[in-house]
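K.L.:
Quick check, what structure comes out for this input:
(one chain, ligands or ions: 1)
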Amino acid sequence: MIKIRKITPNDYKQAGDMIKRTIRASFKSLYPEKLIQAFCDKHDIDKFRQVAKTVEFFVAEDQKTQKIVGIIGIKDDRLRRYFVDPNYQGKGVGRLLFDHLEVVAKKRGLQKITLEGSPLGQPIYKHFGFKIIKSITKERAGVKYTDAVMEKTLKS
Ligand SMILES: CC(C)(COP(=O)(O)OP(=O)(O)OC[C@H]1O[C@@H](n2cnc3c(N)ncnc32)[C@H](O)[C@@H]1OP(=O)(O)O)[C@@H](O)C(=O)NCCC(=O)NCCS
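P.N.:
Residues are numbered from 1 along each chain as shown. This is a model prediction of the structure:
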């Protein structure tokens, strides 16, 4: 059984470690090691604690093991961070997280959800009803990479 709930400070270490594990496993064929390391560094406990001050996170917890197996966040109308532990991917956890976020966004009266999605995330975001608005090229650790700004209009 998977439960979706708000993150608590006690979860920060576990959530950050899960994100790092997922980045390493999922992005290794897409990005050079330097960039992957830079993305992982953003999820060390102190940095993650800072991020959690402005981004509202929800986690997926495996009730049996009480381990955090997924995360999704929202800041204003922007989806921030969306990861499911590699051992749990493809089993519906990501769907539970996204549906939860959508309900939260609608309750707040948001008209749309926006995000910046990597080439890996774009197909699933399209599946969830997002459209690509434009491409943006960014740079981190001296490496350029391109994401897509995507948007989903929310119907009440
Ligand atoms: C993206 C991610 C969070 C999704 O979580 P998940 O638990 O694997 O997703 P689910 O198994 O719940 O699938 C959700 C839905 O998306 C669909 N889907 C999954 N991968 C897809 C893909 N590549 N293309 C299109 N649809 C896809 C599933 O069929 C499912 O559809 P349904 O709910 O309508 O039946 C997870 O795979 C992940 O962490 N990936 C690596 C990190 C990443 O790419 N994050 C996005 C940030 S840019």
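
K.L.:
what lines up beside whatever helix or strand residue 152 lives in in the sheet?
P.N.:
Using DSSP states H and E, residue 152 falls within strand 143-153. Partner strands and pairing direction for strand 143-153 (DSSP bridges) are strand 112-117 (antiparallel), strand 131-140 (antiparallel).

K.L.:
deepest of these, which one?
P.N.:
Highest mean neighbour count among the strands paired with strand 143-153 (mean count of other C-beta atoms under 10 Å): strand 112-117, with a mean of 18. All C-beta atoms are positioned from the backbone trio N, CA, C, and that covers glycine.

K.L.:
Contact residues of this structure facing the ligand?
P.N.:
Counting by C-beta under 6 Å from any ligand atom, the chain comes close to the ligand at 22, 26, 82-84, 89-95, 117-118, 120-121, 123-124, 127.

K.L.:
Of those, which belong to strands?
P.N.:
Judged by DSSP state E, those include 82, 83, 84, 117 as members of strands.

K.L.:
Now, of the residues you listed, which are buried?
P.N.:
Using 16 or more other C-beta atoms under 10 Å as the burial test, these include 82, 83, 84, 117 as buried.

K.L.:
Need the max-distance pair from those residues.
P.N.:
84 and 117 (15.0 Å; C-beta to C-beta).

K.L.:
Compile the ones in strands among the residues of the chain next to the ligand into CSV and extend it with columns for pLDDT and distance to residue 72.
P.N.:
Formatted as CSV, these follow (pLDDT from 0 to 100; distance: C-beta to C-beta, whole Å):
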residue, pLDDT, distance to residue 72
82, 98, 5
83, 98, 8
84, 98, 9
117, 97, 13
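
K.L.:
Relative to the ligand, which residue of this structure is the closest?
P.N.:
With C-beta to the nearest ligand atom as the measure, residue 94 is the residue of the chain nearest to the ligand, at 2.1 Å.

K.L.:
Disregarding residues adjacent in the polypeptide, which is nearest to that residue?
P.N.:
Closest residue to residue 94 apart from its sequence neighbours, by C-beta to C-beta, 6 or more residues apart in numbering: residue 84 at 4.9 Å.

K.L.:
pretty sure the one you found contacts residue 96?
P.N.:
No: using C-beta atoms under 8 Å, residue 84 makes no contact with residue 96, being 9.5 Å away.

K.L.:
what residues do these two have in common as contacts?
P.N.:
Overlap of the contact sets of residue 84 and residue 96 (by C-beta atoms under 8 Å, 6 or more residues apart in numbering) consists of 60, 70.
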